[in-house]
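Novice: Any chance you could fold what I've pasted below:
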Amino acid sequence: MESGTAAAGPEGGRFPFPYTPYLIQERFMAALYGALEAGRVGIFESPTGTGKSLSLICGALSWLRDFEEKKQREEARLLAPAESGQEGKKPLTPAGPAPPDSRDAAGEPDWVTAFVQKKEERDMVDRLKEEQIRRKKREDRLEKIRHNVQLKYAAKRKRSEEDETKHLLQLSKEVLSEGAGVDVLEQLDHNEEELILAEYESDEEKKVVSGLEEDDDDLEEEHVTKIYYCSRTHSQLSQFVHEVQKSPFGKDTRLVSLGSRQNLCVNEEVRRLGALSLINDRCMEMQKNKHEKKSDEESEGKKRRASRTVCPFYSYEQMQFLRDEVLVEVKDIEQLVALGRETKACPYYGSRYAIPAAQLVVLPYQMLLHEPTRSAAGIKLKDQVVIIDEAHNLIDAITCIHSVEVSGSQLCCAHSQLLQYMERYRKRLKAKNLMYIKQILYLLERFVAMLGGNVNQNPSCQAVSQTGTVLKSINDFLFQSQIDNINLFKVQRYCEKSLISRKLFGFVERYGGPATAVKTNKENQKLAGLQNFLLTLHRGSDKEGAPQIPPMEAENDQLRTASPLMQIEGFLSALTNANQDGRVILSRQGTVGQSSLKFLLLNPAVHFAKVVEECRAVIIAGGTMQPVADFREQLLSCAGVDPARVVEFSCGHVIPPENILPIILCSGPSNQQLEFTYQMRDLPQMMDETGRILCNLCNVVPGGVVCFFPSYEYEKQVYAHWEKTGLLTRLATKKKIFQEPKKANQVEQVLVEYAKCIKRCSQAGGQMTGALLLSVVGGKMSEGINFSDDLGRCVIMVGMPYPNIKSPELQEKMTWLDKTMPRAAGQAPSRVLIENLCMKAVNQSIGRAIRHQKDFASILLLDHRYARPAIFNKLPQWIRERTQVKPAFGSAFAELRKFHRGKSDAL
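Specialist: The predicted model follows:
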């Protein structure tokens, strides 16, 4: 573990590192170590390209290693006297004989106090001994797997033997069933069994709670002190795991990667469902079938249940094997899935079994920040360390995770499906199920009424009389929709436990399609009605008036998407939030089908408070965390964090000062003042001036130029204007022009073409010097994509990307902030929010260009408002320190030409 060059640690200790760290990395690691040791909440900023991931890994894992060693030394000290026959080092009773009635301050006789103390010590020693035995057992098991290849082959052989046996059994059953002449209609009935809801008991009625079938002590395994590392995307997490593999800790860290079923499922039949909510539900149902199979087999007499599908990968023994394999060697999600396929074990559950013993758990935001997901995954945060990376938009992430929207057509569709389901199985459903189904139907009816519609009519044909957007508090919404007498907590729990949305999806899948054999004529008409209804809904949702899909395709497409009830369950769950922390937005548009209900979370701190309370330490890290006031006020102080517990760390960049040239430009070549407000930016002279600036720049900047616009609409408008005036043709003589696509799946293609073009031009020489990429702030290219080296020699920001202040969601958030937050430096919190949202987006975009120590780029901010102190101070420190404010274009252009010529000559 000690390999590699090391830097001085806080207590003379040394940080293992794969190469000689930069000075800022040493400082970062020392500050991180200190924050973890003192149990702080840290806001850490380290610009991209400064090796942030490695600093996080080596700093945090050094602390964990030292912590474990300290703990083991303490354990040894406590266990030593117990082993030599003494109970403890210090005598617990006074040396001299005590008077018989002597008492301590609490009024207890001394011998009672001594007895209690001894008992506590004995209990602690016993607990430590148990922990030690368990740890030894785990280490021996992992060591054996690490060094014994035979074990792996034995497990594989056992698996293939089991597969062969299953296959032979299946063949025998098929041979036996031939000639039995099962009635086709009866068979259909059998298959339909699994669509019927099982008898439901609410928690109060359950007298006995059945435990897990396997009473293995591994299930009770204690959670060791660990670090939870989370980031936003799957690719960011994979990148982090690869960094761990390359680090000095790569060989002996027990790391587990967690992901959604969509990423980890290896059962092809389930994976094919596509939608995450369908995969989740199908998986849960297969597990339920596995647990019910046992009790079914016991009562297999007269009334035999239909055989239900169970997942072949959900094998406890195989998952235990997978768990150990995961802990022995660091693996990313792809390697975990490959291992799951090879060992015929479920990676989703196998990785969860590995959590207690893991030292580092790598997981996406959603799993850590959403409490139900967290507890379902078996994540326990008590006294653990959490590191949230790429956290510049943490507040938005928490808000999005807990905000839900449902459309009028989804509500009507769910109502129709559920009503038909209830009609068909009414005689088979128990009273409790019928009661809850009726409650859900009533809720759906009231929700549609709130949008001004009738649930029994086609939502696409019902026009809304009063269009517009209305915001309501949760309580007002519940009262006005007349559902305040329904216990939403119970309904939510029922949906969760009964898997009703899964059953409903199965029902629609069976009867929604045209090629279904249905028994009676009457039922035929009903189900044909359901088909037609789904079809009209699908057509109604095509607002663009796209070419009509053939009925068959439209239908199947409609049915492949998850049951609308799944989305509605999320909305019901959101309504159980505290009244002051959220709002319900009623958006009434054109028709009932196009209208929607949305729950908006106003106070993300309520969901973050639990994380901060339970954890030993929390680190919020990112490349550009400025402005940090948002995190301190909206997230931490609202979550009740003591300001003294918060520590901030920000470091500069590793690039030399002469490798970056940031300029704030106040006016263009024709002395037009640059001010891209909503009123000014549409003026032809403003768009012309922007074009002239770009033309001049493209003459002196080599390689790639990335130009960010505040929105897709404005970028389109400017592009069209330049096309009309002929400016686009002038630009195209120097740089090939690319536009950021709106569709995510086309981004990769555009980037590949853009990079190819730049490479071609640099090799060929000639008039064409590279490419110009017109991008959008907050789009796909303003985050997570590197424009290193020639891909981004100049980044231009057109105007200030303020959010749309007319949006009802933003207005409500601003009102809420003004009511709940103190004024900062004489500014209203709502004003600060708007500026912070704007500058976070700017910082994120301009940080794309400098990605490593030898990189260089110029940054141009086109708007005189950037020079205002309140705005200027919100730029990242390493950019701010080097920024020049240029009132006129001439001197700015001279600086840029000098900068790029100097760099080209040096290359």
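Novice: And the strands in the stretch 201-350 of the chain?
Specialist: Along the stretch 201-350 of the chain, counting by DSSP state E, counting those that start in this stretch, strands occupy 227-231, 255-257.
Novice: Name the residues of the longest one that are buried.
Specialist: Put plainly, it is strand 227-231. 227, 228, 229, 230, 231 (16 or more other CB atoms under 10 Å). Every C-beta, even on glycine, is put in place using the N, C-alpha and C of the backbone.
Novice: Next, report how far that strand is displaced from the centre of its chain.
Specialist: In terms of CA atoms, centre = their mean, to the nearest Å, the centre of strand 227-231 is found 11 Å from the chain centre.
Novice: Same check on the last one?
Specialist: In terms of CA atoms, centre = their mean, the centre of strand 255-257 is set 16 Å apart from its chain centre.
Novice: Same check on stretch 37-53?
Specialist: 20 Å.
Novice: now do stretch 110-126
Specialist: The answer for stretch 110-126 is 46 Å, by CA atoms, centre = their mean.
Novice: Show me the contact partners of stretch 628-637.
Specialist: For stretch 628-637, the external contacting residues (CB atoms under 8 Å, 6 or more residues apart in numbering) are 41, 43, 45, 391, 394-395, 398, 604-605, 608, 612, 620, 625, 643, 646, 648, 817, 821, 824, 829, 832-833, 836, 840.
Novice: Tell me where the stretch 651-800 of the chain has helices.
Specialist: Listed in chain order, the helices of the stretch 651-800 of the chain (DSSP state H, counting those that start in this stretch) span 684-700, 712-725, 727-734, 744-764.
Novice: next one: the stretch 301-450 of the chain
Specialist: Under DSSP H, counting those that start in this stretch, the stretch 301-450 of the chain gives helices at 316-328, 333-343, 347-353, 365-369, 371-376, 394-401, 408-425, 431-450.
Novice: Can you give the contact residues for the third one?
Specialist: Residues outside helix 347-353 that contact it (CB under 8 Å, 6+ apart) are 218, 256-259, 261, 264-266, 283, 314, 318-320, 322-323, 326, 336-337, 339-340, 377-378.
Novice: Recalculate using a threshold of 7 Å.
Specialist: 256-258, 261, 264-266, 314, 319-320, 322-323, 326, 336-337, 339-340, 377-378 (CB atoms under 7 Å, 6 or more residues apart in numbering).
Novice: Buried subset of those as a ChimeraX selection?
Specialist: Command for ChimeraX that selects the buried part of the contacts of helix 347-353, burial taken from 16+ other CB under 10 Å:
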select :256,257,258,261,264,265,266,314,319,320,322,323,326,336,337,339,340,377
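Novice: Could I get the buried residue list for stretch 111-130?
Specialist: Neighbour-count burial for stretch 111-130 [16+ other CB under 10 Å]: 113, 114, 121, 125, 128.
Novice: So which of those is the closest to residue 372?
Specialist: residue 128 (33.9 Å; CB to CB).
Novice: how close does the nearest residue to that closest one once chain neighbours are set aside sit to residue 130?
Specialist: Excluding the flanking residues, the one nearest residue 128 by CB to CB, 6 or more residues apart in numbering is residue 75, at 5.2 Å. According to CB to CB, to the nearest Å, residue 75 stands 11 Å off from residue 130.
Novice: For the residue nearest to residue 128, give me the backbone phi and psi.
Specialist: phi -60, psi -50 (degrees, to the nearest 10).
Novice: Kindly report the same for residue 377.
Specialist: phi -80, psi -10.
Novice: Wait, it touches residue 260, no?
Specialist: No. In this structure residue 377 lies outside contact range of residue 260 using CB atoms under 7 Å: 10.1 Å.
Novice: what about the longest helix in the protein?
Specialist: helix 110-147 (DSSP state H).
Novice: how much distance is there from that one to the middle of the chain?
Specialist: The answer for helix 110-147 is 37 Å, by CA atoms, centre = their mean.
Novice: Show me what that helix is packed against.
Specialist: If contacts are counted by 3 or more CB pairs under 7 Å, 6 or more residues apart in numbering; DSSP states H and E, helix 110-147 sits against helix 52-83, helix 316-328.
Novice: If you count neighbours, what's buried in the first one?
Specialist: If I follow you right, that is helix 52-83. Those would be 52-66, 75, 82, for helix 52-83 by 16+ other CB under 10 Å.
Novice: Could you quantify the relative orientation of it and strand 227-231 as an angle?
Specialist: Per axes from the mean of the first three to the mean of the last three CA atoms, to 10 degrees, the angle that helix 52-83 makes with strand 227-231 is 160 degrees.
Novice: Show me what helix 52-83 is packed against.
Specialist: So helix 52-83, by 3+ CB pairs under 7 Å, 6+ apart, packs with strand 14-17, helix 23-37, helix 110-147, helix 234-246, strand 385-388.
Novice: among these, which is nearest residue 732?
Specialist: Per CB to CB, nearest to residue 732 of the helices and strands packed on helix 52-83: helix 234-246, 33.0 Å.
Novice: May I see the helices and strands packed on helix 110-147 organised as CSV, with distance to residue 412 added?
Specialist: Converted to CSV, the helices and strands packed on helix 110-147 look like this (distance: least, CB to CB, whole Å):
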stretch, distance to residue 412
helix 52-83, 48
helix 316-328, 42
